[in-house]
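# return atomic coordinates for the entry below.
(one chain, ligands or ions: 1)
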Amino acid sequence: MNASLPLARPDLLRTLARIGDRWLAADDGRSFPVRNPASGDGLAEVPLMGAAETRRAIAAAETALAAWRQTTAKERAALLMRLQARLLAHQDDLARLITAESGKPLAEARGEVAYAASFFEWFAEEGKRAYGESIPSPTRDKRLITIRQPVGVVAAITPWNFPLAMIARKVAPALAAGCTTVVKPAEQTPLIAAIAVRLLHEAGVPRAALQLLPGQGGTVGAALTSDARINGVVFTGSTETAQIIARAMAANMAPGTPLIAETGGLNAMIVDSTALPEQAVRDIVASSFRSAGQRCSALRCLYVQEDIAPHVIAMIKGAMDELRVGDPWNLSTDVGPVIDDEARQGIDAYAEANAARVLHRVWAPRQGHFIAPLLMKVNGINDLDREVFGPVLHVATFRADQLERVITDINARG
Ligand code: NAP
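Prediction:
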């Protein structure tokens, strides 16, 4: 464990996995490093769990299900409200850990903790409204009603870009519904997952109702999504991984086992000549470059009406020049590093291959995994082959009489 991690309560941190009521290492003792994306320095080593440990975690979650599903919605709601309070009470430490292992600027990381905590409040309330239905009976001697039941053991597989919020968004509804969960966090961000699991257990979640398995998608993730004892999978990540999971579930699980998959995509925005440029530019720059563009909701392709394009594009360049790229611990930083060297190299290679399209680029530190925010000229969304998960905004222009075509092109890209 790196002593330089500035936590008010370092004792909260766990660099182990959680199965049943124990924190433990991998069976074979193997581990993997967690790195600071800003510097590449090692922060900690965590266990590299495997398929055998995954099977044991599923068994523990199955055992815990019997008691957890018997609790009332009201009891579960009261617990979830305590969980919200618990996360907020540790907002600073949680934010520091998000910044340390994901590189998200500290102010944004604090926002993520509040966002994560809000899911416990939301699902505390929604869990109490899990109403069944009453169905008109075809005969006088029968009354037909349905009641909602927990699906059972849920696997939660999360990405690194919202390392706490994506766990909360999966665990909160599962617990509210009376399900038990096994969480597999992204390899880059297992520490925030461990501290969250620890806080949730301390606040009253039954030990085996929430398990944590750091490890690789290809082993832990694959073992979770191909085990017939898993009754539902909740996933956030890339479209390609979602497709692999869907195939594994179809081959191994009961027909109809739910998969909830939130994936990536190409987000577009149209700015016509009626827009207020100052407001549009503020939103464009925030959406494209916050979290170094590593948000599934980030703006990727901007269409600006020709008549106002020179003015709006000049304003975007000016606003980009005001962005501070650098140390995520600095409260004045707007754009931190991308998650790792692989991400940096991929985005750099994209920028190099499309150098002729670059309209504007701002300064970024050379050390660490930083990418200079980029503005690129394109003819339209069809020039983009795929989502570039970084601080890259593409801009196209259109004439007023081409608006319908622009909308059709955007919709065709899903
Ligand atoms: P990813 O590579 O798909 O990874 C997501 C999770 O899936 C990780 O925990 C990963 O484990 C795991 N995984 C990998 N292979 C697996 C397999 N064969 N079976 C089961 N699990 C497997 O995505 P990412 O790069 O972390 O995240 C970026 C993507 O997420 C972007 O496309 C972004 O748009 C999308 N995203 C969407 C939303 C939304 O709300 N729609 C929110 C955030 C992000 P490892 O870490 O071990 O690879």
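# where does the stretch 201-350 of the chain dip in pLDDT?
Screening the stretch 201-350 of the chain residue by residue with the criterion pLDDT under 70, one finds no matching range.
# which parts of it sit against the ligand?
Of all the residues in the stretch 201-350 of the chain, those in contact range of the ligand (Cβ under 6 Å from any ligand atom) are 216-218, 221-222, 225, 236-238, 241, 244-245, 262-264, 296. Bear in mind the C-beta positions are built from the backbone N, C-alpha and C, glycine included.
# please repeat the previous calculation with a cut-off of 8 Å.
Applying Cβ under 8 Å from any ligand atom, one finds that the stretch 201-350 of the chain approaches the ligand through 215-218, 220-222, 224-225, 235-242, 244-245, 248, 262-265, 294-297, 339.
# in ChimeraX, select just the buried ones from the residues you listed.
This is the ChimeraX syntax for the buried subset of those, where burial follows 16 or more other Cβ atoms under 10 Å:
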select :215,217,220,221,222,224,225,235,236,237,238,241,242,245,248,263,264,294,295,296,339
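# among the residues of the stretch 201-350 of the chain next to the ligand, which are in strands?
Among those, the members falling in strands (DSSP state E) are 235, 236, 262.
# residues contacting the second one?
Same thing as residue 236. Counting by Cβ atoms under 8 Å, 6 or more residues apart in numbering, residue 236 makes contact with 157, 158, 159, 162, 166, 169, 170, 261, 262, 263, 296.
# got those as CSV, with distance to residue 20 columns?
Conversion of the contacts of residue 236 to CSV gives the following (distance: Cβ to Cβ, whole Å):
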residue, distance to residue 20
157, 20
158, 21
159, 26
162, 27
166, 24
169, 24
170, 20
261, 28
262, 29
263, 32
296, 33
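# which among those end up buried?
By neighbour count, with 16+ other Cβ under 10 Å, the contacts of residue 236 hold 157, 158, 159, 162, 166, 169, 170, 261, 263, 296 as buried.
# now, the residues you listed that are in helices?
In helices, judged by DSSP state H, the following of these are found: 166, 169, 170.
# which residues touch the residue nearest the centre of the chain?
Nearest residue to the geometric centre of the chain (Cα atoms, centre = their mean): residue 162, 3.8 Å. Residues in contact with residue 162, defined by Cβ under 8 Å, 6+ apart, are 112, 115, 116, 236, 295.
# which other helices and strands contact the helix or strand the first one falls within?
Per DSSP states H and E, residue 112 falls inside helix 106-127. Contact analysis of helix 106-127 by 3 or more Cβ pairs under 8 Å, 6 or more residues apart in numbering; DSSP states H and E lists helix 73-89, helix 91-102, helix 165-177 as its packing neighbours.
# report the angle between that helix and helix 165-177.
Relative orientation of helix 106-127 and helix 165-177, computed by axes from the mean of the first three to the mean of the last three Cα atoms, to 10 degrees: 20 degrees.
# got the buried residues for helix 106-127?
Of the residues in helix 106-127, 106, 108-113, 116-124, 126-127 count as buried by neighbour count, 16+ other Cβ under 10 Å.
# quick check: next helix or strand after the host helix or strand of residue 393?
Secondary structure here is read from DSSP H and E; on that basis residue 393 sits in strand 392-398. The element immediately downstream of strand 392-398 (helix or strand, assigned by DSSP H and E) is helix 403-412.
# for that following helix, name the packing helices and strands.
Contacts of helix 403-412 with other secondary structure elements, assessed using 3+ Cβ pairs under 8 Å, 6+ apart, are made with strand 267-271, strand 299-305.
# can you list the residues that contact the first one?
Counting contacts by Cβ under 8 Å, 6+ apart, the residues outside strand 267-271 that touch it are 277, 280, 283-284, 287, 297-305, 308, 312, 381, 398, 403, 406-407, 410, 413.
# that strand pairs with which strands, parallel or anti?
Counting by DSSP bridges, the strands paired with strand 267-271 are strand 299-305 (parallel).
# can you give me how far the partner strand is from the chain middle?
Computed by Cα atoms, centre = their mean, to the nearest Å, the chain-centroid distance of strand 299-305 equals 24 Å.
# got the angle between that strand and strand 392-398?
Between the direction of strand 299-305 and that of strand 392-398, the angle (the same axes, to 10 degrees) works out to 20 degrees.
# go through strand 299-305 and flag the buried ones.
Buried residues in strand 299-305, counted by 16+ other Cβ under 10 Å: 299, 300, 301, 302, 303, 304, 305.
# quick one on the thing from earlier: from the ones in strands among the residues of the stretch 201-350 of the chain next to the ligand, which is closest to the ligand?
Closest approach to the ligand among these (Cβ to the nearest ligand atom): residue 262, at 3.3 Å.
# so what's that closest one closest to, chain neighbours aside?
residue 236 (4.4 Å; Cβ to Cβ, 6 or more residues apart in numbering).
# kindly reformat the helices and strands packed on helix 106-127 as CSV containing distance to residue 142.
As requested, the helices and strands packed on helix 106-127 are exported to CSV (distance: least, Cβ to Cβ, whole Å):
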stretch, distance to residue 142
helix 73-89, 26
helix 91-102, 52
helix 165-177, 28
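# show me the contacts for residue 413.
Shown here is residue 413, whose contacts under the criterion Cβ under 8 Å, 6+ apart are 265, 266, 268, 381, 382, 384.
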